[in-house]
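**Student:** Fold the following for me, if possible:
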Amino acid sequence: MMFYVFPRSILYVAISLVCSNISKIITINSDYANSMRDLAEKDQMTGVYTKSKYLSMIDNDYKKERLIGVIFWDINYLKRINDTYGHEYGDKLILTVAQSIRQLDTDKDKTYRIGGDEFVMIMSGATEKNVLEKINKWISTTKNAEPIENIPISVSYGYSFGEGKDIDQIIHKADQMMYDNKRQHHEANREFLSS
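**Tutor:** Numbers count the residues shown, from 1 in each chain. Have a look, this model is predicted:
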């Protein structure tokens, strides 16, 4: 009996230890892979998704959605703020705007930083009403935001919506609306720009 049970028990313990170690190694490698994926997909400064993730989602996911909403944001006067107050204040402004947009993220609505001071949110399953509600919520949030060292938060935005298969046109329309909004804003504030 001793020659039969004892070796099998030792073998069982050894196999259990090996399996436990393999399981730990797999968990560590999985955690490492997830952290590397997050580093590749998330902008380190703002915590929103990167432009490469945005382009990948457009090519592989959003075109399959029945309805899509798109909102673009672009910070006004960032170059002037950087030149006048320094890049530290410009970075604080970018971070403040990113946080105001990130507060609106859900499982279906994701924010991407696609340029230095340009952000876009893609809303899966969104109607015009959903998009406008999101914008109004964002406007309320930014109205209550504290200026950074007396630097006002000024952001132009544009939006569009439609079927996922038309995402390229929807993105173009939202982007164009944002640039039109930015141009109007700059024309209305020529004194600030020339001072």
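**Student:** Where do the helices of the chain begin and end?
**Tutor:** 2-41, 51-60, 78-85, 87-102, 128-143, 167-188, 190-194 (DSSP state H).
**Student:** mean confidence for the shortest one?
**Tutor:** It refers to helix 190-194. What helix 190-194 shows for mean pLDDT is 56.
**Student:** Kindly provide the distance from the residue nearest to residue 145 when sequence neighbours are not counted to residue 118.
**Tutor:** For residue 145, ignoring the flanking residues on the chain, the nearest one in space by C-beta to C-beta, 6 or more residues apart in numbering is residue 153 at 5.6 Å. Every C-beta, even on glycine, is put in place using the N, C-alpha and C of the backbone. Using C-beta to C-beta, to the nearest Å, one gets 15 Å for the distance from residue 153 to residue 118.
**Student:** ok, back up a step: count of neighbours near the residue nearest to residue 145?
**Tutor:** 16 (other C-beta atoms under 10 Å).
**Student:** And for residue 132?
**Tutor:** 15.
**Student:** wait, what's in contact with the closest residue to it other than its chain neighbours?
**Tutor:** In this structure, residue 132 finds its nearest non-sequential neighbour in residue 159, 7.7 Å apart by C-beta to C-beta, 6+ apart. By C-beta atoms under 8 Å, 6 or more residues apart in numbering, the contact set of residue 159 is 69-72, 131-132, 135, 174, 177.
**Student:** again with residue 103
**Tutor:** Neighbours of residue 103 in contact, by C-beta under 8 Å, 6+ apart: residue 141.
**Student:** I'd like the numbering to begin with 31 instead of 1 from here.
**Tutor:** All set: I'll call the first residue 31, so the last point we hit is now residue 133.
**Student:** Against residue 171, how distant is it?
**Tutor:** Taking C-beta to C-beta, one finds residue 133 at 6 Å from residue 171.
**Student:** How about residue 197?
**Tutor:** Distance from residue 197 to residue 171, by C-beta to C-beta: 26 Å.
**Student:** returning to that earlier point: can you give me the distance of the residue nearest to residue 175 to residue 176?
**Tutor:** For residue 183, the distance to residue 176 - C-beta to C-beta - is 9 Å.
**Student:** Ok, residue 124 next?
**Tutor:** Taking C-beta to C-beta, one finds residue 124 at 15 Å from residue 176.
**Student:** Was I right to think residue 98 contacts residue 153?
**Tutor:** Yes. Between residue 98 and residue 153 there is a contact under C-beta atoms under 8 Å: 6.8 Å.
**Student:** Can you check which residues contact both of the two?
**Tutor:** With C-beta under 8 Å, 6+ apart as the test, residue 98 and residue 153 both reach residue 191.
**Student:** Please report the number of neighbouring residues for residue 126.
**Tutor:** Neighbour tally, residue 126, other C-beta under 10 Å: 20.
**Student:** Quick check: pLDDT value at it.
**Tutor:** 90.
**Student:** show me what contacts it?
**Tutor:** 175, 178, 183.
**Student:** neighbour count winner among residue 124 and residue 176?
**Tutor:** More neighbours surround residue 124 than the other of residue 124 and residue 176, with 22 against 7 (other C-beta under 10 Å).
**Student:** Nice, that's everything, thank you.
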